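Chemist: Mind looking at a prediction? Sequence and model below.
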Amino acid sequence: MRTQPLVQKSIFDVADWESDAEFGVFPQGARAKDAVFAPSVPPEPVLVPGKRYLFKRSKRSYPDQFWGEIIAYRIGCLLGVTIPPAFAAWNSKTGHCAALIEWFYDENTESFVMAGDFLQMMHKDFDRKLGTQHNFEDNMVLLRMFSIRRVLKEHDWRQWWIDALLFDALIGNTDRHQDNWGFIFTRSGQNVSCRLAPLFDNGTSLGHERFTDRVNLWNKIRFHRYIENGTHHLKWSLNDPVQGHFELLKRAVDEWPDTRDAVRTKLNFSVDELFAVTGDLLQIDAVTPLSKDRFTFILHLLTERLALLKAIFL
Ligand SMILES: Nc1ncnc2c1ncn2[C@@H]1O[C@H](COP(=O)(O)OP(=O)(O)OP(=O)(O)O)[C@@H](O)[C@H]1O
Ligand SMILES: [Mg+2]
């Protein structure tokens, strides 16, 4: 179901926020990140007092990449998939800008386990660096196993994956590898249960690696070529090649035709709504702002991708 995104009025400065010594500089992944705690009286009500947030910077070569995490969150709300709330932030002492992403589990009572940790038990030689063995069929074996044992509380894990593939197809995410989805475990007495984590790490998407002075010259054909060349990280089966975002989603929906109606319902929004749910970000004053050119490019990609998805499913 579509949700209203949490919208900030101005950029958050984390310079005086308590930083999480335990996480310090976060070890996992390619982009510099820290964990920080929101103050007990946050600057705006969209922040949760005392809550941990990830302060996730851009890759060095793409300074405005962090905006992608924030736009992806907004698009997730429009689509009706669950994404951790993401905001624009900076540290006035270092000058760094970043996406400030709400922690998606309660570390006092829950723990997060990346899917890769389980997939590696299925394939001892699983290549965690490149994730070349990451495939849909194995993911299903894993989910089915948790579901049959009544550990997984997700009411419909098939629909969860369809939602993930739909979201990734819309934003052009090429990085949904085995460690970019996973399980949140809770223990209650002798009972252990889990649910699927919200879709996190969404910034390798939205054309972030393209420079705006170049893409300003792209024509329709060039846009289409770029979109068609985009592949999902996930293969269908161990020995299949990687597939385009749209083919993979279509194949999964064909496999589970019951999920088609939900896809159609989710896609029932217009290009104007894409703008309405993201346009305010242009007004946020930042050392690394969301430039008009970057925003135009992102919106152009989203518009084309939405049209392609509608042509397939509506
Ligand atoms: N909102 C969050 N709440 C709790 N843990 C998170 C959150 N976002 C990320 N993490 C944890 O931090 C790890 C690294 O974060 P993330 O996947 O976003 O960055 P990354 O892998 O470094 O991304 P990139 O490769 O694009 O730089 C994740 O694998 C996950 O364990
Ligand atoms: Mg990651």
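Modeler: That came through fine. Ligands and ions are numbered 1, 2, ... in the order given.
Chemist: Residue 42 contacts residue 48, correct?
Modeler: Yes - in this structure, residue 42 is within contact of residue 48 by C-beta atoms under 8 Å, at 7.4 Å. Bear in mind the C-beta positions are built from the backbone N, C-alpha and C, glycine included.
Chemist: is ligand 2 contacted by the helix or strand of the chain with the lowest mean pLDDT?
Modeler: None of the helices or strands of the chain scores lower by mean pLDDT, DSSP states H and E than strand 33-37, at a mean of 90. No - judged by C-beta under 5 Å from the ion, strand 33-37 stays clear of ligand 2, getting no closer than 9.9 Å.
Chemist: Name the residues of the host helix or strand of residue 261 that come out as buried.
Modeler: For residue 261, the element it lies in under DSSP states H and E is helix 260-266. By 16 or more other C-beta atoms under 10 Å, the buried positions in helix 260-266 come out as 262, 263, 266.
Chemist: Look up the pLDDT of the first one for me, please.
Modeler: This means residue 262. Note for residue 262: predicted pLDDT of 97.
Chemist: need the contact list for the residue positioned nearest the centre of the chain.
Modeler: In the chain, the centroid-proximal residue (C-alpha atoms, centre = their mean) is residue 202; its distance is 2.9 Å. By C-beta atoms under 8 Å, 6 or more residues apart in numbering, the residues touching residue 202 are 68, 69, 72, 73, 76, 83, 167, 171, 173.
Chemist: what's the offset of stretch 223-243 from the middle of its chain?
Modeler: 17 Å (C-alpha atoms, centre = their mean, to the nearest Å).
Chemist: How about stretch 99-107?
Modeler: 13 Å.
Chemist: what's the answer for stretch 276-290, then?
Modeler: The answer for stretch 276-290 is 19 Å, by C-alpha atoms, centre = their mean.
Chemist: gap between the two ends of that stretch?
Modeler: Stretch 276-290 has an end-to-end distance of 16 Å (C-alpha to C-alpha, to the nearest Å).
Chemist: Can you list the buried residues in it?
Modeler: Of the residues in stretch 276-290, those buried (16+ other C-beta under 10 Å) are 277, 278, 281, 284, 286, 288, 289, 290.
Chemist: sorry, back to before: from the contact counts, what lies against the least confident helix or strand of the chain?
Modeler: Under the contact criterion of 3 or more C-beta pairs under 8 Å, 6 or more residues apart in numbering; DSSP states H and E, strand 33-37 touches strand 18-19, strand 52-56.
Chemist: please redo it, this time with the cut-off set to 10 Å
Modeler: Other elements packing on strand 33-37 under the criterion 3 or more C-beta pairs under 10 Å, 6 or more residues apart in numbering; DSSP states H and E are strand 18-19, strand 52-56, strand 86-91, strand 96-102.
Chemist: quick one, it and strand 86-91 angle?
Modeler: For strand 33-37 against strand 86-91, the angle by axes from the mean of the first three to the mean of the last three C-alpha atoms, to 10 degrees is 100 degrees.
Chemist: Quick one: mean pLDDT for the next helix or strand along the chain from the helix holding residue 261?
Modeler: Following helix 260-266 in sequence order, the next helix or strand is helix 271-276 (DSSP H and E). In this model, helix 271-276 has a mean pLDDT of 98.
Chemist: Now the following helix or strand past helix 271-276 - C-alpha only, PDB.
Modeler: Downstream of helix 271-276, the next assigned helix or strand under DSSP H and E is helix 292-313. Taking Å, rounded to 0.1, in the frame of the first residue of the first chain, the C-alpha atoms of helix 292-313 are listed here in PDB:
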ATOM      1  CA  LYS A 292      18.500  20.600 -11.400                       C
ATOM      2  CA  ASP A 293      20.400  18.600 -14.100                       C
ATOM      3  CA  ARG A 294      20.800  15.600 -11.900                       C
ATOM      4  CA  PHE A 295      17.100  15.700 -10.900                       C
ATOM      5  CA  THR A 296      16.000  16.100 -14.500                       C
ATOM      6  CA  PHE A 297      18.100  13.100 -15.500                       C
ATOM      7  CA  ILE A 298      16.800  10.900 -12.700                       C
ATOM      8  CA  LEU A 299      13.200  11.900 -13.500                       C
ATOM      9  CA  HIS A 300      13.700  11.200 -17.100                       C
ATOM     10  CA  LEU A 301      15.000   7.700 -16.300                       C
ATOM     11  CA  LEU A 302      12.100   7.000 -13.900                       C
ATOM     12  CA  THR A 303       9.600   8.200 -16.500                       C
ATOM     13  CA  GLU A 304      11.000   5.900 -19.200                       C
ATOM     14  CA  ARG A 305      11.200   2.900 -16.800                       C
ATOM     15  CA  LEU A 306       7.700   3.500 -15.500                       C
ATOM     16  CA  ALA A 307       6.400   3.600 -19.100                       C
ATOM     17  CA  LEU A 308       8.200   0.300 -19.900                       C
ATOM     18  CA  LEU A 309       6.800  -1.400 -16.800                       C
ATOM     19  CA  LYS A 310       3.300  -0.200 -17.600                       C
ATOM     20  CA  ALA A 311       3.600  -1.500 -21.100                       C
ATOM     21  CA  ILE A 312       4.500  -4.900 -19.700                       C
ATOM     22  CA  PHE A 313       2.000  -5.200 -16.900                       C
END
